[in-house]
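Fold the stuff below for me.
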Amino acid sequence: SDERALQLLQRLEAVHVVPLQAPFANQSTVVDLSNFEKGHKQWGGRPGNYALMVKQAFAIKSAIAHAKWENMDWILHLDQDELFVGDKERTSNIAELLHS
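Numbering: from 1, shown residues only. Here you go, the predicted structure:
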């Protein structure tokens with residue numbers, strides 16, 4: 001379920017999850033996304049994949065701002081239909097894998 005997936009992601013060290021939709025998103029995030037969509041000149045207010053692209057653009061913008069605020073060296077953006085797989089024989093730590 002989405003709730004179980006969210007719980008598992010939130011347990012990962014150094015993973016910052018920002019749900020964008022109800023019932024998981026907080027009200028301020030919902031308002032921020034709505035304002036972002038209204039102000040988005042290229043995709044805002046358009047149906048279908050355009051609505052998805054607005055959400056992705058908002059998520060990326062938010063992630064970059066958070067990464068800068070936390071002085072992070074890198075971020076990894078994955079959509080729900082993407083998978084990140086490491087070499088289990090070498091490491092199970094994402095940070096170690098990316099720095100090798």
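
what residue ranges in the protein score low on pLDDT?
1, 44, 84-100 (pLDDT under 70).

Can you show me the strands along it?
Taking DSSP state E, the chain contains no strands at all.

Pick out the residue nearest the middle of it.
For the chain, the residue sitting closest to the mean C-alpha position, by C-alpha atoms, centre = their mean, is Ala59 at 5.2 Å.

Against Leu20, how distant is that one?
Distance, Ala59 to Leu20, using C-beta to C-beta, to the nearest Å: 7 Å. For glycine as for every other residue, the C-beta is placed from the backbone atoms N, C-alpha and C.

now Gln7
The value you get for Gln7 to Leu20, if C-beta to C-beta is used, is 17 Å.

What of Leu78?
As for Leu78, its distance to Leu20 is 14 Å (criterion: C-beta to C-beta).

who's more crowded, these two?
More crowded of Leu78 and Leu20, by other C-beta atoms under 10 Å: Leu20, with 15 against 8.

tell me which residues in whichever helix in the chain runs longest are buried?
Scanning the chain for the helix with the most residues, using DSSP state H, yields helix 49-69. Neighbour-count burial for helix 49-69, counted by 16 or more other C-beta atoms under 10 Å, picks out 54-55, 57-59, 62-63.
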